[in-house]
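S.K.: Coordinates for the following, if possible.
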Amino acid sequence: MKLASLFSGGKDSTFAIYKARSNGHVISCLVTVFPRSEESHLLHHPNISMTRLQADLMGIPQITMRAGSDKTETELDELRNALDVAKKRFGIEGVVHGGIRSVFQKKNFEAVCSSLGLAVVAPLWNVDEASYLRELVASGFCFVITSVTSEGLDGSWLGKEITMQDVEKLIAISTKFGSNASFEGGEAETFVIRCPVFSGNIKITKSSKTWDGYRGRFEITEAGLEEQC
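M.R.: Predicted coordinates for the structure are as follows:
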C-alpha cells in the first residue's frame, strides 16, 4: 500500500516507517503537523523543525502544517488537511503511525483517516515495551532523548544517545517507578540521528539544555548531515 507517515522525528514514528517498509508498504510522503503548544496531547513538539533533515536522509517528500491553536480539534483539522493534500498529491491509500499504547491518539488518528477513506497501519501497537526497545537499538537505531518528565529520569538523560546498556537502565527505571519504558505516557521524547532508513547521519553541532529539577528539554539549535560510516 502507498502510505503517508505521521512523522515526528522520534524513535516510534521512524521505526514504524522501517517496519512498514519491511512489510512491503511504500512510504510516499511524511506528514508533520507542528503543534502550537509543547503541552499538546496529540502531537510531538520537541525539535519538530529538525524533521526536515530526517526527511532529506530518507529521500521522502514532507508535508508540513502548523496548528493554529493548542485545541485538539484544531490539531485534528490541520492533520486532516495535510492528509487530504497527501492523498491528492501522492495518491496515498493509508497512513502509518508509531503509536504503542495511547488509545487517545489511536482513536483520533483512526477517525481522521476514516473521514478521508484511508487505511491505518500501526505496526507498533501493543508491543512489549522492553522487547521493543531492545529490538530498536539492535536494529541500528540511534536516538537522543530530547525531553524528560518522569520520576526516575533526571537531567543527565537529556541529549543522551541511547545504547543497549541504557535500554536496560530504562527498563529497570520503568519497573521501579511504574512508568512506560518506551515513553508512551509522555515520560520522555526522542529524536533519531542514525538508523537503517537514513542514507546518512545527523550531526548535532549546537544545542541547549533546560532542567528545573523535575522536567527538562534538550533543544537542537544547529545540526547538519554527514555520510554514514
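
S.K.: Now the closest residue to W125 other than its chain neighbours. Its backbone dihedrals?
M.R.: Computed as Cβ to Cβ, 6 or more residues apart in numbering, the closest residue to W125 that is not its neighbour in sequence is G99, at 6.1 Å. C-betas here are computed from N, CA, C, even on glycine. The phi/psi pair for G99 (degrees, to the nearest 10) reads phi -60, psi 140.

S.K.: Please give me every residue in contact with G99.
M.R.: G99 sits next to 12, 105-106, 109, 122, 124-125, 184 when contact means Cβ atoms under 8 Å, 6 or more residues apart in numbering.

S.K.: quick check: domain ranges of the protein?
M.R.: 2-121, 135-227 (automatic domain parsing).

S.K.: Arrange those domains in TSV, one row each, with mean pLDDT and distance to E129 as further columns.
M.R.: Shown next, in TSV, are the domains of the chain (pLDDT from 0 to 100; distance: least, Cβ to Cβ, whole Å):
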stretch	mean pLDDT	distance to E129
domain 2-121	89	7
domain 135-227	94	4
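
S.K.: most tightly surrounded among those domains?
M.R.: Here the criterion is mean neighbour count by mean count of other Cβ atoms under 10 Å, and of the domains of the chain the winner is domain 2-121, at a mean of 19.

S.K.: roughly how far is it from the heart of the chain?
M.R.: Computed by Cα atoms, centre = their mean, to the nearest Å, the chain-centroid distance of domain 2-121 equals 9 Å.

S.K.: Endpoint to endpoint, it covers what distance?
M.R.: Terminal residues of domain 2-121 lie 11 Å apart, using Cα to Cα, to the nearest Å.
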